[in-house]
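*Asks:* My questions concern the predicted model and sequence given below.
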Amino acid sequence: MSQALLNSITVFVLAAFLGIELISRVPALLHTPLMSGTNAIHGIVLVGAMLIAGSADSTLEQALAFVAVIFATVNVVGGFLVTDRMLEMFKRRPDQPEEPE
Amino acid sequence: MILAVSQTTINLAYLAAGVCLIVGIKRLSSPSTARSGNVVAAVGMAIAVVFTLLSPEIDSYWLIVAGVAVGTVVGVASARMVRMTAMPQMVALFNGVGGGAAALIAAAEFHRLSPGTGHVLPEYMGAMLFSALIGSISFSGSMVAFGKLQELLPGRPLVFGGQQVVNAVLFAALLGVGVLAGATEVGLWMVVLLVGALLFGVLLVLPIGGADMPVVISLLNAFTGLAAASTGFVLENTALIIGGTLVGASGTLLTILMGRAMNRSLANVLFGAFGAPAPIAGAPAGGGEAKSYREVSAEDAAVMLAYANRVVVVPGYGLAVAQAQHNVRELADLLEKRGVDVKYAIHPVAGRMPGHMNVLLAEANVPYPQLHDMEDVNPEFPRTDVALVIGANDVTNPAAREDPESPLYGMPILNVDASANVVVLKRSMSPGFAGIDNDLFYRANTAMLFGDAKASVERLVAAVKAA
């Protein structure tokens, strides 16, 4: 097993446990915004799409990478904006008491 | 290129981006910090993207710039224009394109790395094929979910005989094709894999009823996360592995939490074909006995509400569709001025997504303390004078408690039927999204007020003012 693969596996395993731990106590009212927020986060594939698009040699690869960049950008931009619009609704009015954490 | 920085710097930036994503998810899981959490995650994403642009691996920018420009326009436009009620299908759509991107990356890498045989290390090949398979399934599955929620496709489960056998055979065949593609490194097999996976995604989601869509979207969200993580293995990119895996893991847990709220296992959601075998208690005339219901005028319902001590409002998807949340708040304010105790009962899966109702009511500035979870409010119904059900159906169906034959049996519901009176605001007697008839409507203590939820609530407001 190469060192690079071992590193990748280490990051993968730790991130998997962290992902579960992070949201294990989320209230039901945040399920939808949380799904939407994590949905935006997997738009990180944009990084991969950019790397491929920037180094593609053949026309086929360029075409595939171009569509991938568009798709991933829609995922990131749309995902974060929609999540923000959802969470905007939770704005507390000044006359409301602080809710307990 | 002009600004090309070392790979070490980029990897450090990816680490910072990963920390931002982690802090972002952490903050997203608490109501008071959620909005800032989304911003923190977006900042992390921006860091990852900017430093990727500085990568020495990139020697041409025009494809990236053009793609990002097009994607930004599409993303901003669709996120801005979508109505609050259409949020769930928007999430499905954004999830689908993310999965599609992962599959396309895998396809492009396959093409670049596979000039002959024996050139690609098995671990890269495996990760590439996994991305292609899962990304494609997520893409087409999300598109079907989008179509169902947007009502471009029927919301009811679409089933045919032997469907599960077909799906199992197709999936086994896909694994076989994957092995062939990996062993021969022939592009044609990759194409077959991608197309077959698209087909599998469609077949996987078609038999699932609209009511279960939130769980399915959450599952496909986790799929896309794993596909993204897998491309991270191919490209040896830690940002991708961290981001993708966080979503894959948290998305899987979120899917389980949602399923638990509906008292349904994931296997049941995926393979149960919810609502499909429902000729039982199905059509209104089913079984020969025509059940009778009682209709009530807005004026009579208003009097019941105005002279009640305790009223519990049960909002559902009908409220969301009609955008009646502001009118409901007006009605509740009027009733409270008359000394009526008003509470809102929020079922965990009311609407199309968990939290859907909270978002809408928060938009109408309904005070947060008036919103009550199912567990808190269910003991209150026997002491409630009027339960006002606005466009909610399956989450109030007593069959879930009483009828072991019902597909809903076992799902925790709001026990509105225990109240002295139930007023149901509904368009017509048609069954709910799950396609199951609701016995609640035929009970002696239930009165039906037909019409669009917003119009009905407006009539109630006018009538309460006059009462």
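*Replies:* Yep, that arrived.
*Asks:* and the residue of chain A found nearest chain B, which of the three is it?
*Replies:* Chain A approaches chain B most closely through A:Thr73 (2.5 Å), counting by CB to the nearest CB. No exception for glycine: its C-beta is placed from N, CA and C like everyone else's. With DSSP: H, G, I helix; E, B strand; the rest coil as the basis, A:Thr73 sits in helix.
*Asks:* Identify the residues contacting the spatially most central residue of chain A.
*Replies:* The centroid of chain A falls nearest to A:Ile41 when counting by CA atoms, centre = their mean (0.7 Å). Each residue near A:Ile41 by CB atoms under 8 Å, 6 or more residues apart in numbering or on different chains is listed here: A:Gly79, B:Leu21, B:Gly24, B:Ile25, B:Ala41, B:Met45, B:Gly225, B:Gly243, B:Leu246, B:Val247.
*Asks:* what about residue 34, how many neighbours?
*Replies:* Because you didn't say which chain, this covers chain A. 29 (other CB atoms under 10 Å in any protein chain shown).
*Asks:* my bad, chain B
*Replies:* 23.
*Asks:* rewinding a little: help me confirm that the residue nearest to the centre of chain A is found in a helix?
*Replies:* Yes: A:Ile41 sits within a helix when classified using three-state DSSP.
*Asks:* List the buried residues for the one helix or strand in chain A whose mean pLDDT sits lowest?
*Replies:* The helix or strand of chain A with the lowest confidence, counting by mean pLDDT, DSSP states H and E, is helix A:31-41 at a mean of 91. For helix A:31-41, burial by neighbour count (16 or more other CB atoms under 10 Å in any protein chain shown) applies to A:His31, A:Thr32, A:Pro33, A:Leu34, A:Met35, A:Ser36, A:Gly37, A:Thr38, A:Asn39, A:Ala40, A:Ile41.
*Asks:* Tell me which helix or strand the closest residue to the third one other than its chain neighbours sits in.
*Replies:* Put plainly, it is A:Pro33. Nearest non-adjacent residue to A:Pro33, counting by CB to CB, 6 or more residues apart in numbering or on different chains: A:Met86, 4.7 Å away. Element membership for A:Met86 (DSSP states H and E) is helix A:59-88.
*Asks:* low-confidence ranges in chain A?
*Replies:* Regions of chain A meeting the criterion pLDDT under 70 cover residues A:29, A:89-101.
*Asks:* picking that back up, isn't the residue nearest to A:Pro33 right up against A:Thr32?
*Replies:* Yes: in this structure, A:Met86 is within contact of A:Thr32 by CB atoms under 8 Å, at 6.6 Å.
*Asks:* where do the helices sit along the stretch 251-400 of chain B?
*Replies:* Along the stretch 251-400 of chain B, counting by DSSP state H, counting those that start in this stretch, helices occupy B:266-271, B:298-306, B:317-322, B:325-337, B:356-363, B:374-377, B:399-402.
*Asks:* Quick check: the gap between B:Val70 and B:Phe94.
*Replies:* Counting by CB to CB, to the nearest Å, the gap from B:Val70 to B:Phe94 is 15 Å.
*Asks:* that older thread, quick check: angle from the least confident helix or strand of chain A to helix A:59-88?
*Replies:* Per axes from the mean of the first three to the mean of the last three CA atoms, to 10 degrees, the angle that helix A:31-41 makes with helix A:59-88 is 150 degrees.
*Asks:* intersection of neighbour lists for A:Met86 and A:Thr32?
*Replies:* B:Met87, B:Val359.
*Asks:* thinking again about what came up before, burial count for the nearest residue to the residue of chain A closest to chain B once chain neighbours are set aside?
*Replies:* Among residues not flanking A:Thr73 along the chain, B:Gly71 sits closest, at 2.5 Å (CB to CB, 6+ apart). Neighbour count for B:Gly71, taken as other CB under 10 Å: 27.
*Asks:* Quick check, B:Gly71 in contact with A:Ala68.
*Replies:* No: B:Gly71 lies out of contact with A:Ala68 (CB under 8 Å); the separation is 9.9 Å.
*Asks:* low-confidence ranges in the stretch 351-467 of chain B?
*Replies:* Across the stretch 351-467 of chain B, the ranges flagged by pLDDT under 70 are B:352, B:432-435.
*Asks:* Those residues of it touching chain A, which are they?
*Replies:* Proximity of the stretch 351-467 of chain B to chain A is confined to B:353-356, B:358-360, B:362-363, B:365, B:367-368, B:371, B:373 under the rule CB under 8 Å from any CB of the partner chain.
*Asks:* please redo it, this time with the cut-off set to 6 Å
*Replies:* Contact residues (CB under 6 Å from any CB of the partner chain) of the stretch 351-467 of chain B with chain A: B:Met353, B:Pro354, B:Gly355, B:Asn358, B:Val359, B:Ala362, B:Glu363.
*Asks:* out of these, what pair is the most spread apart?
*Replies:* Greatest spatial distance among these (CB to CB): B:Pro354 and B:Glu363, at 16.6 Å.
*Asks:* Neighbour count for the two, which is higher?
*Replies:* Each of B:Pro354 and B:Glu363 has its neighbours counted (other CB under 10 Å); B:Pro354 has more, 28 against 18.
*Asks:* How about the contacts made by the more buried one?
*Replies:* Going by CB atoms under 6 Å, 6 or more residues apart in numbering or on different chains, B:Pro354 touches A:Ala28, A:His31, A:Thr32, B:Met258, B:Pro348.
*Asks:* between the residues you listed, which is nearest B:Gly410?
*Replies:* Among those, and counting by CB to CB, the member closest to B:Gly410 is B:Pro348, at 14.4 Å.
*Asks:* rewinding a little: which residues belonging to the helix holding A:Met86 are considered buried?
*Replies:* Residues of helix A:59-88 classed as buried by neighbour count (16+ other CB under 10 Å): A:61-62, A:64-87.
*Asks:* Which parts of the stretch 1-150 of chain B are helices?
*Replies:* With DSSP H, counting those that start in this stretch as the criterion, the stretch 1-150 of chain B has helices spanning B:7-28, B:34-53, B:62-81, B:87-113, B:122-149.
*Asks:* Looking at those, which one is packed in the most?
*Replies:* For the helices of the stretch 1-150 of chain B, the largest average neighbour count (mean count of other CB atoms under 10 Å in any protein chain shown) is found in helix B:87-113, namely a mean of 29.
*Asks:* For chain A, what is the nearest residue in chain B?
*Replies:* B:Gly71 (2.5 Å).
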